[in-house]
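Colleague: mind folding the following:
(chains A and B)
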Protein chains: 2
Amino acid sequence: MIKIVGISLMLLGMTLSGQTQDDSIQFSKISAEILNHGKGYTELHDLTKNIGNRLSGSEAYEKSVQWAAQKLRDAGADKVWLQEVIIPVWERGKESLRIKTDTGKTKSLKMLSLGNSEGTGGKDVSGEIIMVKSLEEYDRLPAEKIKDKIIFFNHPFDQSPVQTFIAYRDAGAYRRTAAALTAKKGGKFAIIRSLSSGQDDVPHTGNMKYEDNLEKVPAICIGNTTADELEQLLKTQKVIATLNSNCGMKGEKLSHSVIGEITGKKDKDVIVVGGHLDSWDVGEGAHDDGAGIVQSIEVLRTFKKLGIQNNHTIRAVCFANEENGTKGGKQYGKTAKETHEKHIFAIESDAGGFSPRGISLEMDDEKRKQIQSWIKLFLPYGIYNFEGKYSGSDIAPLHEMGVPTAELVPDPQRYFDIHHTEEDTFEKVNRRELLLGSAVMTQLIYMIDKNW
Amino acid sequence: MIKIVGISLMLLGMTLSGQTQDDSIQFSKISAEILNHGKGYTELHDLTKNIGNRLSGSEAYEKSVQWAAQKLRDAGADKVWLQEVIIPVWERGKESLRIKTDTGKTKSLKMLSLGNSEGTGGKDVSGEIIMVKSLEEYDRLPAEKIKDKIIFFNHPFDQSPVQTFIAYRDAGAYRRTAAALTAKKGGKFAIIRSLSSGQDDVPHTGNMKYEDNLEKVPAICIGNTTADELEQLLKTQKVIATLNSNCGMKGEKLSHSVIGEITGKKDKDVIVVGGHLDSWDVGEGAHDDGAGIVQSIEVLRTFKKLGIQNNHTIRAVCFANEENGTKGGKQYGKTAKETHEKHIFAIESDAGGFSPRGISLEMDDEKRKQIQSWIKLFLPYGIYNFEGKYSGSDIAPLHEMGVPTAELVPDPQRYFDIHHTEEDTFEKVNRRELLLGSAVMTQLIYMIDKNW
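Modeller: This next block holds a predicted model:
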């Protein structure tokens, strides 16, 4: 192990001494333990294959709560508990989209309703499709052109940015607002081109939002090749779309986030590492965010296994309901405030279980610079990018309370091929890539626990 | 595009000015062109699905020669030609491995002969299996213990190194030398545990070497789970293995490397970008090295498409016979020497079509430092590691002639799950990851063409 770190650092033209060398040895032990004996990959197989996707409110989600509690106990957590969270319940139900052209041809299109979208109450709702390529183009259309129509927001996912989250953020506006924009001008429902970097016909669901005082019209998505075909068709024909969907919100329910911790040896101040336990209701929620869950549990397991004496309490949080409400993260922040529990740091893994490349830091400059000064230790593990200034949605409430927060930054090239789809399965996760993410979070928490 | 580069560089806390800013804009154009309109992924699909694996000497290899020449013409090469190469011809033929235990149980094991291994001439060859875990352990065994036995070199692939090539190099000694070591002490044939980071039963073939004056005994490999099972079995039982294999060298043959170039506007000095066109005879040779081939062709296409005026001749070389002889690379070097054709730089992509992370530089310190000084330009594309000091085997002959050489360094976590196996298929390649590799090589060649 030491030899390997030696080689890597030599390659990087760096030398370490004293304390840094001790830390380097600890980093190496952490990485070797996880790459050789990590449980995360096997646990992810279990979660995805024996439970599968686990939307908030579903029976599968409740099973995953029990599963996560057991895995935290297996990891050696000193204390494991469930935190009550009131979550919204959305159900997809049966749904279909058909089109009919001028020439009388009909076709059934592969689609998914967007998450939290209302349906048609099981009735057929039809109208002519009007296509727009951008929000600006839609804004220019007068309401009379939209009235009773179906709006096809055909905004392509931008392949140019190397950081795919830039394209996702850009296209995200369509997913979020298509229904409200359609309702505002009297349209019947909205179709969006999926937020997808793939060249396939896989629809990508995801959260959408209604606006108060506007009709809750359905919003659905189609895959890239269906969108391409529809675009071609609309160049020469009038196309009537018919949606029949039983989707809808079904009130609220009591559910839980799952928490496990190893007690601090010096004090009870808390360091959080987490991901979200829920997923969308398609695929297996493997990268999003089964990966973050098993990585967070692995952090606790590794501290225990290596017998690292943690000064502060290290807590793995499996947040409920990130996808369609972030109620788990909100409740966690609320409880922390109410109990005056001091949190010194929180990190989230919710960008897929791909090879880690960096850590995004949302904190004051002093702390930020301190972490950046550890780059020599991290470089042998492929971690070079500490430049991001954001962190995850589940720990945003902690950040608002002044807690320094961070997010693991994995390689972003493959994520939006499979994000929120039937393709987000265990088979898309690589063992070593997943485990390296756990190693890096463990290393960072080791440093913060020791130095803060 | 410019905006995106702006964001990335801002995130990296850097500012550019003057010439560097112009280069940054060119980098952005190159990347956007390739990520949006790159042909490499579609071409790789064509190569892998319509031709498939393409071992030197096979009909498929000859088809791929014609295919590559056409793709180079499609890319806009000013000149395309075939370079004659005399290659060794190795054929696998039918092969099987059975075991029989003390208790009389028999089982057929999944296996592959190593590349270039001789077989048993279609006859059954049997013997008791002796297992060793390391070369040192084998060295300690007296010849009488090995005589007429089957040696199972059960050296595990080390999961600890983040740089998986370290583990590959370490385990590589077993693949290369197992047959000769076995022959030296009178053993009948060698079985090795595959050089594999996967947790599966996939055997990984690859090149092996005989020594002069020693019997050419067969060498075969088995997958990790079969190796685990055999190891367990040997703890309590005597196991007899029977190999029947028709593998063997079938002499030599005339074949070709494929070369295409765009002529230099200032001089005829050459910059080479390449990969190898041949593959092993299992799977589809997608990552190894269909990826390097389509990436290299993409470099030419992009120069042409963007109308970049290249000072020097830029040449894409699809080398023949890398896997079991490197005769293509050797011939290319020999010809360059004979024709006194000046090469100013060569880069190879032969480590898989994964997200690029760096460029390894095998050259004098001055040139090395110059390239390293361009890091600001490369960082937005995820390229941070310029520390390696090696380059690929096909351009080694150029390097020996004093040419500065380099290799694209992709993320190494997934490579040795699928390297030299039936699992190295198109489906394992991600479009954006593959294309980013082409973009980075194009950017580097743009800089070298301009500055050298």
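Colleague: how about the nearest residue to the residue located most distally from the centre of chain A, chain neighbours excluded?
Modeller: Distance from the centre of chain A peaks at A:Thr103, with 42.8 Å (C-alpha atoms, centre = their mean). Nearest-residue entry for A:Thr103: A:Gln237, 7.0 Å, with adjacent residues in sequence omitted and distances by C-beta to C-beta, 6 or more residues apart in numbering or on different chains. For every residue, glycine as well, the C-beta is placed using N, CA and C.
Colleague: ok, so what distance separates the one you found from A:Leu230?
Modeller: Relative to A:Leu230, A:Gln237 is positioned 10 Å away (C-beta to C-beta, to the nearest Å).
Colleague: between the two, which one's more packed in?
Modeller: A count of neighbours by other C-beta atoms under 10 Å in any protein chain shown puts A:Leu230 above the other of A:Gln237 and A:Leu230, at 21 against 15.
Colleague: close enough to count as contact, that one and A:Val239?
Modeller: Yes. Between A:Leu230 and A:Val239 there is a contact at 7.1 Å, judged by C-beta atoms under 8 Å.
Colleague: longest strand of chain A?
Modeller: Using DSSP state E, we find that the single longest strand of chain A is strand A:248-262.
Colleague: alpha carbons of it, as PDB, please.
Modeller: Provided in PDB are the C-alpha atoms of strand A:248-262 (Å, rounded to 0.1, in the frame of the first residue of the first chain):
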ATOM      1  CA  GLY A 248     -51.700  11.900  -9.400                       C
ATOM      2  CA  MET A 249     -50.900  13.000  -5.900                       C
ATOM      3  CA  LYS A 250     -52.500  10.900  -3.300                       C
ATOM      4  CA  GLY A 251     -52.100  13.000  -0.200                       C
ATOM      5  CA  GLU A 252     -49.400  12.500   2.500                       C
ATOM      6  CA  LYS A 253     -48.100   9.800   4.600                       C
ATOM      7  CA  LEU A 254     -45.800   9.100   7.500                       C
ATOM      8  CA  SER A 255     -42.500   7.700   6.500                       C
ATOM      9  CA  HIS A 256     -38.900   7.800   7.600                       C
ATOM     10  CA  SER A 257     -35.300   8.700   6.900                       C
ATOM     11  CA  VAL A 258     -32.800   6.200   8.300                       C
ATOM     12  CA  ILE A 259     -29.800   7.300  10.400                       C
ATOM     13  CA  GLY A 260     -26.900   5.500  11.900                       C
ATOM     14  CA  GLU A 261     -23.900   6.800  13.700                       C
ATOM     15  CA  ILE A 262     -20.600   6.000  15.400                       C
END
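Colleague: ok, now how distant is the residue farthest from the centre of chain A from A:Lys238?
Modeller: A:Thr103 sits 10 Å away from A:Lys238 when distances are taken as C-beta to C-beta.
Colleague: do the same with A:Asn224
Modeller: Look at A:Asn224 and A:Lys238: by C-beta to C-beta, they are 23 Å apart.
Colleague: who's more crowded, these two?
Modeller: Between A:Asn224 and A:Lys238, counting by other C-beta under 10 Å, A:Asn224 is the more crowded of the two (20 against 12).
Colleague: skipping adjacent residues, who's closest to that one in space?
Modeller: A:Ser196 (5.5 Å).
Colleague: that neighbour touches A:Arg414, doesn't it?
Modeller: No. With contact defined as C-beta under 8 Å, A:Ser196 and A:Arg414 do not form a contacting pair (11.8 Å).
Colleague: between the two, which is the more surrounded one?
Modeller: Neighbours around A:Ser196 and A:Arg414, counted as other C-beta under 10 Å, are more numerous at A:Ser196. The numbers are 28 against 25.
Colleague: which ones are touching that one?
Modeller: When contacts are counted by C-beta atoms under 8 Å, 6 or more residues apart in numbering or on different chains, A:Ser196 touches A:Phe157, A:Val202, A:His204, A:Gly223, A:Asn224, A:Phe416, A:Asp417, A:His419, A:Thr421.
Colleague: per-residue pLDDT of it, please?
Modeller: We have a pLDDT of 98 for A:Ser196.
Colleague: A:Thr20 too?
Modeller: For A:Thr20, the model assigns a pLDDT of 86.
Colleague: before we move on, what about the one 3 residues further on?
Modeller: In the prediction, the pLDDT value recorded for A:Asp23 is 97.
Colleague: ok, it touching A:Lys376?
Modeller: No. Using C-beta under 8 Å as the test, A:Asp23 is too far from A:Lys376 to be in contact (9.6 Å).
Colleague: the helices in the stretch 351-452 of chain A, which residues?
Modeller: Counting by DSSP state H, counting those that start in this stretch, residue ranges of the helices within the stretch 351-452 of chain A are A:365-372, A:375-378, A:396-400, A:415-418, A:431-451.
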